[in-house]
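1. sharing a model prediction with you, sequence too.
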Amino acid sequence: MNTERYSKKLEIIKESGNYRKLRNIQHNGFLIHEDGREMLNLSSNDYLGLSSYPKLLEEFYEQTDVRALPYSAVSSRLLSGNHEYYEMLENDLCDLYDKEAALVFSSGYHANIGILPALTSKRDLIVADKLVHASVIDGLRLSESEMLRYRHLDMEHLRKLLQQNRDKYENIFIVTESVFSMDGDVADLQELCEIKKEFDAFLYVDEAHAVGVRGTNGLGCCEEQACIEDIDFIVGTFGKAFASVGAFVVCSQLFREYLINTQRSLIFTTALPPVNVAWTRFVLNHMPDFYDLRIKLSTTADKLRQVLADKGFETRGGSHIVPWVCGSNENSIEMADLLRDNGFFALPVRYPTVPKNESRIRFSLNAAIPDEDYGCLFEFIDCLE
């Protein structure tokens, strides 16, 4: 055995400023503790603050006999792990989205690495936005179909690729996120629906960062942009704004049955614990009640972008994910350290996760954080030179 190449690779990672490690941290609601410091957690996906929402937790415990719910399914869904809470959750998703069928997975990663490889073949083409998430990219790599990427949010480039290739393939799948996780920008789903109709294609939308956060009832950008009916595959996660675990797709009954019989990341993995699925269903049915939290999140994000722009700092997007582009990896690490020294836990995102010289601080906002605490962040940024 030769381990030298692994050691060399780690040294290269360290020299490039990309070395990762697991942090020893403690959580207290929207606060985080590390190395004796208490900081605002601005790097969480707990967008609505529901993971530590006392009233919600109390109501769940009052309505649910948690002691009667197993903490493990101890089986895959196709063996003995398909407990009753799965069916109830999937029925509720169908009702909320007014779709024929829904299917729940163990995580967003399980969904994205499994759905497209199951649905596509060598006769098909996948055309994906350049900046889709790593889990989607891994799913594309596992697929037998051909794959093309269109420039980020460039609908004309997408149209050009479809014009050049539509007649060559049996089925075409257009793949996008709604809210993109690095720039915080938002896809025009209405136009994508028009394009998919024009070219007789399927449309697959990953709403991981939008469900719970966008739309009157928290159903995501597809609800906000009034195009739920026209999207063939709406994928969402429960591990972010829902403060739970797992993911889902809403689609036709035909495709639900097909995925149950062909999707390896569903068939060959342990099902979610009943207690988690029960909590997810409880949160889902309360999601329409959190409209005020969604408004606060949007307002706070707009204010943070304005503060950054007023200081001449580069920022992007139009969502609750607010990037502060710092340039080099070293600059983003230095700024993250300065933020931590002043009570703000906001981690850097570095090349190669983002393009070279576009390393950034990515603020992931939380509606539970009081306005006065956000005011301290704004004041800190305003004092920077």
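-> Ah, there it is.

2. for the rest of this, base every contact and every neighbour count on C-alpha atoms.
-> Will do.

3. so residue 207 makes contact with residue 236?
-> Yes - counting by Cα atoms under 8 Å, residue 236 is a contact partner of residue 207 at 4.9 Å.

4. neighbour count winner among the two?
-> A count of neighbours by other Cα atoms under 10 Å puts residue 236 above the other of residue 207 and residue 236, at 28 against 25.

5. and the helices in the chain?
-> Ranges of helices in the chain, per DSSP state H, are 4-15, 54-63, 84-97, 108-119, 134-142, 155-165, 189-198, 221-224, 253-262, 264-267, 274-286, 291-310, 329-341, 371-382.

6. show me what the fifth one is packed up against.
-> Spelled out, that is helix 134-142. helix 108-119 (3 or more Cα pairs under 8 Å, 6 or more residues apart in numbering; DSSP states H and E).

7. just checking, what packs against the helix it packs on?
-> On a contact count with 3+ Cα pairs under 8 Å, 6+ apart, helix 108-119 meets helix 134-142, strand 233-237, strand 247-251, helix 253-262, helix 264-267.

8. would you turn these into JSON lines with distance to residue 218 and mean pLDDT?
-> As requested, these are exported to JSON lines (distance: least, Cα to Cα, whole Å; pLDDT from 0 to 100):
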{"stretch": "helix 134-142", "distance to residue 218": "23", "mean pLDDT": "96"}
{"stretch": "strand 233-237", "distance to residue 218": "11", "mean pLDDT": "98"}
{"stretch": "strand 247-251", "distance to residue 218": "15", "mean pLDDT": "98"}
{"stretch": "helix 253-262", "distance to residue 218": "23", "mean pLDDT": "98"}
{"stretch": "helix 264-267", "distance to residue 218": "26", "mean pLDDT": "97"}
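
9. now those as a markdown table including distance to residue 168?
-> Shown next, in a markdown table, are the helices and strands packed on helix 108-119 (distance: least, Cα to Cα, whole Å):
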| stretch | distance to residue 168 |
| --- | --- |
| helix 134-142 | 19 |
| strand 233-237 | 23 |
| strand 247-251 | 26 |
| helix 253-262 | 23 |
| helix 264-267 | 27 |
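
10. residue 37: which of the ones you listed is closest?
-> With Cα to Cα, the closest approach to residue 37 among those belongs to strand 233-237: 31.0 Å.

11. any idea how far residue 254 is from the residue positioned nearest the centre of the chain?
-> The centroid of the chain falls nearest to residue 208 when counting by Cα atoms, centre = their mean (3.0 Å). The gap separating residue 208 from residue 254 is 23 Å, by Cα to Cα, to the nearest Å.

12. re the thing from before, correct me if wrong: the residue nearest to the centre of the chain contacts residue 237.
-> Yes - the criterion here is Cα under 8 Å, and residue 208 meets it with residue 237 at 5.0 Å.

13. chain neighbours aside, what residue packs nearest to residue 213?
-> Counting by Cα to Cα, 6 or more residues apart in numbering, residue 213 lies nearest to residue 294, which is 5.5 Å off, once chain neighbours are set aside.

14. surely that neighbour meets residue 214?
-> Yes - counting by Cα under 8 Å, residue 294 touches residue 214, with 6.9 Å between them.

15. need the contact list for the residue nearest to the centre of the chain.
-> The neighbourhood of residue 208, defined by Cα atoms under 8 Å, 6 or more residues apart in numbering, consists of 108, 177, 179, 235-237, 240.

16. mind redoing it with 6 Å?
-> Each residue near residue 208 by Cα atoms under 6 Å, 6 or more residues apart in numbering is listed here: 236-237.

17. for it, phi and psi?
-> Dihedral pair for residue 208: phi -50, psi -40, per degrees, to the nearest 10.

18. likewise residue 154?
-> When read as degrees, to the nearest 10, the backbone of residue 154 gives phi -90, psi 100.

19. now it: how far from residue 195?
-> Distance of residue 154 to residue 195, given as Cα to Cα: 12 Å.

20. what do you get for residue 162?
-> Distance of residue 162 to residue 195, given as Cα to Cα: 9 Å.

21. with residue 246 instead?
-> Separation of residue 246 from residue 195 (Cα to Cα): 30 Å.

22. between the two, point out the one with more neighbours.
-> residue 246 (23 against 20).

23. touching, that one and residue 106? I think so.
-> Yes - using Cα atoms under 6 Å, residue 246 is in contact with residue 106, at 4.5 Å.

24. which non-adjacent residue is nearest residue 277?
-> Using Cα to Cα, 6+ apart and skipping residues adjacent in sequence, the residue nearest residue 277 is residue 85, 6.1 Å away.

25. can you list the residues that contact stretch 182-192?
-> By Cα under 6 Å, 6+ apart, the surrounding residues in contact with stretch 182-192 are 178-179, 316-319, 321-323.

26. so which of those would you say is closest to residue 263?
-> Set against residue 263, the nearest of these by Cα to Cα is residue 178 (23.4 Å).
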